[in-house]
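# Just to be clear, the model below is a prediction. Sequence and coordinates:
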Amino acid sequence: MVVGTFAFSKRDFLDPKEIAKALFISRDDLAWTAGLEPASLRRQAQARNTETQRRLRELVAVLGIASSYYGSPNIAYAWMRSQSLPEFDGRIAMHLIHEGRAAELLNYLDISGADAFG
């Protein structure tokens, strides 16, 4: 199964190494963007943790929507980390994921469409 540009394995495991490689970033940067401790992505056993996988799925879901608009996961990643969203008191997408508000963000992106990327 594919979400955005990132493929799940047969066991629905999101591999942080593959995501980081696709975005041309380190696993530590990926962890920071997802609101995780860098150590949580260094070993496969830790990366399989339910909370770790939830955060990665949220991040990939946001990237998938933003990539559809921008045409590139790298530009979508930059958007996530830099574009303030007035509807969320100027917070950026990355902070909303950190705060556990990814569902709100995804709903907003779904409803707002291209207006969200302004």
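Nice, thanks for sending it over. Residues are numbered from 1 along each chain as shown.
# Could you use CA atoms for every contact and neighbour count after this?
Will do.
# what sits against A114?
Taking CA atoms under 8 Å, 6 or more residues apart in numbering as the definition of contact, the neighbours of A114 are Y69.
# what about G64, how many neighbours?
Summarising burial for G64: neighbours were counted as other CA atoms under 10 Å, giving 22.
# my read: it touches P73, true?
Yes. Under the criterion of CA atoms under 8 Å, G64 makes contact with P73 at 7.4 Å.
# How much space separates L59 from K17?
According to CA to CA, to the nearest Å, L59 stands 14 Å off from K17.
# Between these two, point out the one with more neighbours.
Comparing L59 with K17 by other CA under 10 Å, the one with more neighbours is L59, at 22 against 17.
# and the more buried one, that one's in a helix?
Yes. Going by DSSP: H, G, I helix; E, B strand; the rest coil, the assignment for L59 places it inside a helix.
# how about the nearest residue to it once chain neighbours are set aside, what does it touch?
Once flanking residues are discounted, L59 sits nearest to A34: 6.3 Å by CA to CA, 6 or more residues apart in numbering. Listed by CA under 8 Å, 6+ apart, the contact set of A34 reads R55, L56, L59, M94, I97, H98.
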